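Trainee: Sequence and predicted model, in that order:
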Amino acid sequence: MPVDFKPPGHHTLTPYLILKDGAAQIEFYKKAFGAEELFRKSMPDGKIMHARLKIGDSPLMVSDEFPNSPCGASPVTLGNSTSLLHIYVSDVDGAFDKAVKAGASVIMPPTDMFWGDRYCQVKDPGGHLWSLSTQKEVLTPEQQDERMKKQFANKTCG
């Protein structure tokens with residue numbers, strides 16, 4: 001019987017996060033983003049070697065920190081995050097409130113953006129950055145450019 005090159009339910013690209021306290025982070029993802037835990041393999045000391053979650057229709061893989069691994073440190077240990085994960089939701093204001101109540105820190109509250117989305121950013125307790133948005137309008141690139149020029153007319157980056 002032929003085998004597909006990827007497991008059922010996976011997309012071509014699947015994020016994989018390294019966590020400081022994997023068990024607590026998984027519980028946060030359940031409360032904040034409605035994650036479903038599909039699989040967990042723990043080491044004898046209880047650290048999560050590998051777990052698979054599902055948020056909406058998208059998989060997410062996670063593990064605890066393992067210092068001798070090539071990617072063995074979490075954002076907590078590094079003191080910074082180098083990535084941002086994005087979730088489209090039907091109600092960004094409600095999703096933002098749910099994430100904050102679950103323990104996320106506010107980076108940017110829900111805001112109507114020039115590209116047509118209502119958008120926000122939060123940081124999870126493990127230091128990973130997340131953005132959430134709901135598409136409100138479908139705009140042409142020209143409409144987006146015009147709105148961007150207006151929004152940033154008197155602002156500079158950095």
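Mentor: Perfect, thanks for sending it. Residues are numbered from 1 along each chain as shown.
Trainee: surely Gly9 meets Lys54?
Mentor: Yes - taking CB atoms under 8 Å as the definition, Gly9 is a contact partner of Lys54 at 7.0 Å. C-beta: built from backbone N, CA, C; applies to glycine.
Trainee: which strands and helices sit next to the helix or strand where Ile26 lies?
Mentor: When elements are assigned from DSSP states H and E, Ile26 belongs to helix 22-33. Under the contact criterion of 3 or more CB pairs under 8 Å, 6 or more residues apart in numbering; DSSP states H and E, helix 22-33 touches strand 36-42, strand 48-55, strand 58-64, helix 92-102.
Trainee: Quick check: chain neighbours aside, which residue is closest to the residue most central in space within the chain?
Mentor: The residue lying closest to the centre of the chain (CA atoms, centre = their mean) is Leu85, at 3.3 Å. With sequence-adjacent residues excluded and distances taken as CB to CB, 6 or more residues apart in numbering, Leu85 is closest to Trp130, at 5.2 Å.
Trainee: The helix or strand where that neighbour lies to helix 92-102, inter-axis angle?
Mentor: Assessed by DSSP H and E, Trp130 sits inside strand 129-135. What separates the directions of strand 129-135 and helix 92-102 is an angle of 150 degrees, with axes from the mean of the first three to the mean of the last three CA atoms, to 10 degrees.
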